[in-house]
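Participant: sequence below, structure please.
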Amino acid sequence: MRGWLALLVLITNFGFFRLQAPGNNAVEITDLGASYQFSDKITITARITPVDQIQELYLYLQPAGEQPRTEKISANAAGEVSYIYNLSEKPIQPFSDVTYWLRVVNPGGSQVQSDKLSFSYDDNRFTWQTLEDSNFQVRWISGDLVFGQAVLNSAQRGLRSAAAILPGKAPSPIKIIVYANATDLQAALSIGTQTWVAGRASPDLNTIIISVTPSPEQDLELDRQISHEIMHLLTYAAAGADYQRLPVWLTEGLASLAEITPNPDYKVAITQAEETHSLIPITSLCNAFPSEASGAFLAYAQSASFVQYLYQKFGSSVFPKLIKSYQNGLGCEEGVNAALGISLEQIDVRWQQERLGLDTGSLAIQNLAPYLVSGLVLICLPLGFSFASRKKSPKSPPVQETP
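Facilitator: Below is the predicted model of the structure:
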């Protein structure tokens with residue numbers, strides 16, 4: 001028994017010294033740090049000794065909710081690392097937590113990894129004020145504490161409004177970032193030409209980013225934007241990893257339905273589209289909305305009206321059914337058929353008839369027009385050939401063009 005115990009102690013001590021006392025060639029990674037200029041670059045610095053043990057060196061960056069990004073980098077002759085990660089080429093979502101670390105491969109093939117550190121990739125171009133409760137963390141630029149409390153109050157109302165339509169619990173706390181204007185928000189999100197965007201939800205980060213200027217009318221705009229974006233978070237919580245499978249008309253329609261103060265211009269846009277016969281088929285709003293401002297606005301307006309029609313027609317239970325259909329892997333149109341027992345095209349027609357009051361006969365003619373034309377062509381072509389074969393006329397003279 002004592003022999004086995006002595007052998008176990010010997011093996012344990014041998015393993016200890018193998019791991020802890022490799023000698024003078026042990027690689028050390030010290031002074032690891034990160035700094036950044038928002039939307040421009042991240043600078044990673046460190047010191048590695050001894051430098052002759054660096055065969056390969058790798059940087060790992062892992063924004064929250066993403067897989068690690070790997071960069072092969074180098075150290076100078078003194079073992080100092082100063083690496084620039086280009087954010088304009090490989091952007092990171094604003095206000096996400098970023099974890100980073102280094103890994104060294106020595107000439108013998110062994111690997112040494114540094115500790116994992118992290119930083120919050122906030123928009124450090126501005127000075128932010130903060131306020132929070134058990135459900136929300138609010139950050140804003142312009143305005144005093146009264147404005148911050150107005151944002152927090154609106155968030156509480158928005159959560160109640162969204163949960164009344166799609167019951168569920170979003171992870172907390174929800175971060176709400178309030179820019180003072182849409183221009184700063186669009187620059188932060190690198191939106192570019194989509195100048196009509198005033199807010200965005202990042203469900204994977206449980207973050208809402210909006211733009212509202214402190215003013216006497218601020219509460220109306222806060223209620224509209226925040227409730228809209230909170231519904232996106234609740235929909236993501238309900239759908240989970242299958243959120244991207246949901247049709248855009250459903251996610252944006254649900255978000256618009258939750259708005260405490262709906263956009264009054266939606267009705268105007270739909271009325272104008274009715275008059276010009278330019279309504280967008282709902283089937284065309286499954287995967288994306290138009291990129292130009294007018295088309296995108298009409299898509300939002302139609303989705304809001306269409307989803308409200310579903311809500312009034314089938315009740316709130318229709319939305320979990322639809323979400324479940326898409327979680328089961330069904331396509332946009334198949335999911336509607338499975339959940340409602342009716343095709344997306346048919347429910348689109350019914351929406352236009354019952355919600356918009358469009359003429360049933362006109363809709364039927366519009367829907368059948370392509371088939372009627374095809375039918376007439378099929379009928380007329382044989383008659384034309386028959387008539388031509390029966391007619392015996394002299395050969396016609398060449399046709400002369402008139403200049």
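Participant: alpha carbons only for contacts and neighbour counts from here, please
Facilitator: OK.
Participant: mind listing what V104 touches?
Facilitator: Counting by Cα atoms under 8 Å, 6 or more residues apart in numbering, V104 makes contact with 54-58, 111-113.
Participant: turn those residues into JSON lines, including pLDDT and neighbour count.
Facilitator: Output for the contacts of V104, formatted as JSON lines (pLDDT from 0 to 100; neighbours: other Cα atoms under 10 Å):
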{"residue": "I54", "pLDDT": "96", "neighbour count": "20"}
{"residue": "Q55", "pLDDT": "96", "neighbour count": "15"}
{"residue": "E56", "pLDDT": "97", "neighbour count": "16"}
{"residue": "L57", "pLDDT": "98", "neighbour count": "20"}
{"residue": "Y58", "pLDDT": "98", "neighbour count": "15"}
{"residue": "Q111", "pLDDT": "95", "neighbour count": "15"}
{"residue": "V112", "pLDDT": "96", "neighbour count": "17"}
{"residue": "Q113", "pLDDT": "97", "neighbour count": "15"}
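Participant: what about the residues you listed, which are in strands?
Facilitator: 56-58, 111-113 (DSSP state E).
Participant: identify the farthest-apart pair in those.
Facilitator: Farthest pair in these (Cα to Cα) is E56 and Q113. Separation: 11.9 Å.
Participant: between the ones in strands among the contacts of V104, which sits nearest F126?
Facilitator: Y58 (32.1 Å).
Participant: isn't the closest one up against R69?
Facilitator: No: using Cα atoms under 8 Å, Y58 is not in contact with R69, being 10.2 Å away.
Participant: can you pull out the strands in the stretch 101-250 of the chain?
Facilitator: In the stretch 101-250 of the chain, the segments counted as strands under DSSP state E, counting those that start in this stretch are 111-113, 117-121, 129-132, 136-140, 174-179, 199-202, 207-211.
Participant: neighbouring strands for the second one, and are they parallel or not?
Facilitator: When pairs are called by DSSP bridges, strand 117-121 turns out to pair with strand 96-105 (antiparallel).
Participant: now do the partner strand against strand 207-211, angle only.
Facilitator: 130 degrees (axes from the mean of the first three to the mean of the last three Cα atoms, to 10 degrees).
Participant: contacting residues around the residue nearest to F38 when sequence neighbours are not counted?
Facilitator: Leaving aside its sequence neighbours, F38 sits nearest to D123 (Cα to Cα, 6 or more residues apart in numbering; 5.9 Å). Contacts for D123 (Cα under 8 Å, 6+ apart) come out as 38, 94-95, 188.
Participant: between those residues, which is nearest L233?
Facilitator: F95 (16.0 Å).
Participant: contacts only, for that closest one.
Facilitator: 120-123, 207.
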